[in-house]
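[1] Any chance you could fold what I've pasted below:
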Amino acid sequence: MSEHRMTPNSPLADGEEVLTSFSADRATYIRTNTWMAAIAMIAGMAVLWFMGNAHIWTGAVGGLLAVSVRALYLMSEELSVRWDLTNQRLLGPMDRAIRLGEIKELNKLGSVVQVVTSSGNKYLVKYQGDPQETIRKINAAKLGGAV
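    Numbers count the residues shown, from 1 in each chain. Model (predicted):
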């Protein structure tokens, strides 16, 4: 996917203005993937230990390599994602557009903000350096206040 598709491309409506943008934070991306690698290493070693394999250290190597390759492969795409918060909608990549009145819940899942709509659709604003601040800004826009 190109960087062009990872930013909002929905046209703004009359009277709609962008209040702020949420981009993925590089340090948060690296920290999140480091934790995933550590968990994968432990899980790989545990599986081999339960299977009776004498070379449990290979589980650590496999877990580290799997997550590292994935993280490096996806890094440029994940870090190019941007969500724009307007006075009317939350606009995301690939034509995602959520009216502020449709947002039912905002949940913090680690470094991710999960946006749940009234119809049950779920969207992820990933790798936020301060997910609580992202939630605060979206809630402020919903109430018509300053972001």
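[2] which SS state does the residue in the chain sticking out farthest from the centre fall under?
    Taking C-alpha atoms, centre = their mean, the residue of the chain most remote from its mean C-alpha position is residue 54, at 38.1 Å. Here residue 54 is recorded as coil under DSSP: H, G, I helix; E, B strand; the rest coil.
[3] next one: phi and psi at it?
    Reported as degrees, to the nearest 10, the phi and psi values for residue 54 are phi -80, psi -10.
[4] if I look at it, how far off is residue 23?
    Distance of residue 54 to residue 23, given as C-beta to C-beta, to the nearest Å: 47 Å. Placement of C-beta: from N, CA and C, glycine included.
[5] same check, this time on residue 55
    42 Å.
[6] more crowded one of these two?
    residue 23 (17 against 9; other C-beta atoms under 10 Å).
[7] The more buried one contacts residue 81, correct?
    Yes. Residue 23 is within contact range of residue 81, at 7.1 Å (criterion: C-beta atoms under 8 Å).
[8] Quick check: neighbours shared by these two?
    Common contact partners of residue 23 and residue 81 (C-beta atoms under 8 Å, 6 or more residues apart in numbering): none.
[9] what are the ranges of the strands in the protein?
    With strands called from DSSP state E, the chain shows them at 18-23, 82-86, 89-91, 97-99, 103-109, 112-117, 122-125.
[10] Closest to the geometric centre of this protein, which residue is that? Let me know.
    By C-alpha atoms, centre = their mean, the most central residue of the chain is residue 126, 1.2 Å off.
[11] which of the residues in stretch 132-146 are buried?
    For stretch 132-146, a neighbour-count test (16 or more other C-beta atoms under 10 Å) marks 134, 135, 137, 138, 141, 142 as buried.
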